[in-house]
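[1] Here you go, sequence then predicted model.
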Amino acid sequence: DTAVSQTPKYLVTQMGNDKSIKCEQNLGHDTMYWYKQDSKKFLKIMFSYNNKELIINETVPNRFSPKSPDKAHLNLHINSLELGDSAVYFCASSPSGANVLTFGAGSRLTVL
Amino acid sequence: GENVEQHPSTLSVQEGDSAVIKCTYSDSASNYFPWYKQELGKGPQLIIDIRSNVGEKKDQRIAVTLNKTAKHFSLHITETQPEDSAVYFCAASNQAGTALIFGKGTTLSVSS
């Protein structure tokens, strides 16, 4: 049973489109994150939510909008996609009060 | 904010040799230092971590050392095996609930 699951695993789309990536965790964790991994494998934090509340919002274009309907879900919506948005996006979760992250398998976004 | 530097970026060893990956951090308030292993097509997975009140921690063939004064920490893998081949990331954070800041990763190749 997958602990942190992301959908879709692969996403190919045209510039200017809007797309969403969904994430769900069944670990009972309170905190969820989105990380972006670029072509050089660099992992960079984008957002963090704790119990549906945004607690970290790094310097990310406002075309990226996270939404957490409940503490088990954190979705990422991206408007007006650009070539530079091509990357692997990882969702992760951790228990409240601890930074032990469990990552999903990633969603590879390719913008043409 | 925190900045984590990781070296080397690539490391090739023969099966049975030891591998060492080093990281430095900038924020003296950081107190949690995990290491993640990322296999091809998968999300990063925690392999070992250390907190600032400990100087060394071992788990079978892997060990992590921490020098708070010098602000650096290292991952040691002994008796390497081909299945150790992966990208390894160090990370640091200064309190629970804040995002982990990752190093840029080390691609380890173990040849038999």
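    Now that the structure is in, tell me what you want to look at.

[2] which residues of the chain fall in strands?
    You didn't say which chain, so I picked chain A. For chain A, the strands defined by DSSP state E cover A:4-7, A:10-13, A:19-25, A:31-37, A:43-50, A:53-57, A:64-70, A:73-78, A:87-94, A:102-103, A:107-111.

[3] oops, I was thinking of chain B
    Counting by DSSP E, the strands of chain B are B:4-7, B:10-14, B:19-25, B:32-38, B:45-51, B:56-59, B:62-67, B:72-77, B:86-92, B:101-102, B:106-111.

[4] With mean pLDDT as new columns, can those be given to me in TSV?
    Listed next are these as TSV, based on pLDDT from 0 to 100:
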stretch	mean pLDDT
strand B:4-7	97
strand B:10-14	98
strand B:19-25	98
strand B:32-38	97
strand B:45-51	95
strand B:56-59	94
strand B:62-67	97
strand B:72-77	97
strand B:86-92	97
strand B:101-102	94
strand B:106-111	98
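
[5] Please report how far the residue of chain B found nearest chain A lies from B:Gln60.
    Closest residue of chain B to chain A, C-beta to the nearest C-beta: B:Gly43 (3.3 Å). Glycine gets a C-beta too; all of them are placed from N, C-alpha and C. According to C-beta to C-beta, to the nearest Å, B:Gly43 and B:Gln60 sit 22 Å apart.

[6] who's more crowded, these two?
    B:Gly43 (21 against 9; other C-beta atoms under 10 Å in any protein chain shown).

[7] Can you tell me which residues in chain B are near chain A?
    Applying C-beta under 8 Å from any C-beta of the partner chain, one finds that chain B approaches chain A through B:32, B:34, B:36, B:38, B:41-46, B:49, B:87, B:89, B:93, B:96-102, B:104-105, B:107.

[8] let's go with 7 Å and repeat that
    For chain B, the residues found near chain A under the criterion C-beta under 7 Å from any C-beta of the partner chain are B:32, B:42-46, B:87, B:89, B:93, B:96-97, B:99-100, B:102, B:104-105.

[9] gap between stretch B:17-24 and the chain center?
    Relative to its parent chain, stretch B:17-24 has a centroid offset of 8 Å by C-alpha atoms, centre = their mean, to the nearest Å.

[10] Just the CA atoms of that stretch, as PDB, please.
    The C-alpha trace of stretch B:17-24 is given here as PDB (Å, rounded to 0.1, in the frame of the first residue of the first chain):
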ATOM      1  CA  ASP B  17      35.600  -0.200  -1.500                       C
ATOM      2  CA  SER B  18      34.500   2.500   0.800                       C
ATOM      3  CA  ALA B  19      32.700   5.700  -0.300                       C
ATOM      4  CA  VAL B  20      32.600   9.000   1.500                       C
ATOM      5  CA  ILE B  21      30.400  12.000   0.700                       C
ATOM      6  CA  LYS B  22      30.900  15.300   2.500                       C
ATOM      7  CA  CYS B  23      28.500  18.200   3.100                       C
ATOM      8  CA  THR B  24      28.900  21.600   4.800                       C
END
